[in-house]
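Student: Could you work out the structure for the sequence below:
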Amino acid sequence: MVSGPEADLERSCVPSITSRGRRAALLTDDGVRIEAAYEPRTPGVPAGQNGGTERPSEDLAIVLAHGFTGALDRPALRRAATAFRARAAVVTFSFRGHGGSGGRSTLGDREVGDLAAAVRWARSLGHRRVATVGFSMGGSVVLRHAALHRPGERRGRTDAHADAVVAVSAPARWYYRGTPSMRRLHWVVTRPTGRLVSRLGLRTRIHPEDWNPVPLSPTDAAPLIAPTPLLIVHGTRDPYFPLDHPRMLMAAADPAATDLWIEPGFGHAENAAGAGLLGRIGDWLTERPPGTATG
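Tutor: Purely as a prediction, here's the structure:
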């Protein structure tokens, strides 16, 4: 008899509907089961409650891609989901190797397939427009996903492309070790002891093999995203990636379709994102028809 998280995931393979939405296990193209949740837009939220002016969109779904060691039920991602639900329906999921999902983390490589499965699910639920918002590792994934899944390219029965993309606290290049935070992260990822600490202490299971081949970098992905609107968000107090990362991404991207926000005092990813910033990102998404940016 299967018990514990694996049994819970098997049961969720049959989508369930609750007062808050639906939960399901999604199957990626390479056969990994990904836990996911769908929540409809929150009706009747007063304007400005989540730090921005409410501009709800009924046809838009926002898919949230968490950072390394995150999961769909972590408080920081739940806070982000609540903010975005004032403007649109929200899909959250746990990347492979995280939370109740199967598989092992590949630090942003095969995770593109996880995001594609979540985007397809959002479209299958009837949403005409789907935006992706990624944090840190998830930020690198939304960039690569947008470059690899172009509008009009259908793989399977449902389109997996994003209609707008937001990368928050994303790296611009691989193997960066220029900050103490990233050096600690590389120890966790590359050492057997570090991977054990990650599995037991952080509930994150890491694949032990090196990338082969090395995946498309975020900077190389950025120019392939246009005309899909892209927003790059980064903080001046990010302890992982300094400001040359968002500037490299902006320099590589199409300026006609890309906005860059450098946020004073903002730290890193979903853990540091407050209601005001999340509200402004939500407003940017609801105001952005395909192929436009504010410049």
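Student: Only C-alpha atoms from now on, for both contacts and neighbour counts.
Tutor: Fine.
Student: neighbours of E58, just the number please.
Tutor: The number of residues packed near E58 is 14, by other CA atoms under 10 Å.
Student: same question but for A272, I mixed them up
Tutor: Other residues near A272 come to 14 when the count uses other CA under 10 Å.
Student: That one contacts F266, correct?
Tutor: Yes. Applying CA atoms under 8 Å, one finds A272 in contact with F266, separated by 6.7 Å.
Student: now the helices: where do they sit in the protein?
Tutor: The residue ranges that make up the helices of the chain, judged by DSSP state H, are 5-11, 75-84, 111-124, 137-148, 180-190, 192-201, 218-221, 244-252, 269-272, 275-287.
Student: right, so those: which one is the most enclosed?
Tutor: helix 137-148 (a mean of 28; mean count of other CA atoms under 10 Å).
Student: First-to-last residue distance for stretch 257-273?
Tutor: 24 Å (CA to CA, to the nearest Å).
Student: Give me the buried stretch members for that stretch, please.
Tutor: A257, T258, D259, L260, F266, G267, H268, A269, E270, N271, A273 (16 or more other CA atoms under 10 Å).
Student: residues in contact with the fourth one?
Tutor: Meaning L260. When the contact criterion is CA atoms under 8 Å, 6 or more residues apart in numbering, the partners of L260 are L231, I232, V233, P246, M250.
Student: joint contacts of A272 and F266?
Tutor: In the contact map built from CA under 8 Å, 6+ apart, no residue is linked to both A272 and F266.
Student: picking that back up, dump the helices of the chain into CSV; add mean pLDDT and distance to V165 as well.
Tutor: Putting those into CSV (pLDDT from 0 to 100; distance: least, CA to CA, whole Å) gives the following:
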stretch, mean pLDDT, distance to V165
helix 5-11, 39, 28
helix 75-84, 97, 14
helix 111-124, 97, 12
helix 137-148, 98, 7
helix 180-190, 95, 25
helix 192-201, 93, 29
helix 218-221, 98, 12
helix 244-252, 98, 13
helix 269-272, 98, 15
helix 275-287, 95, 8
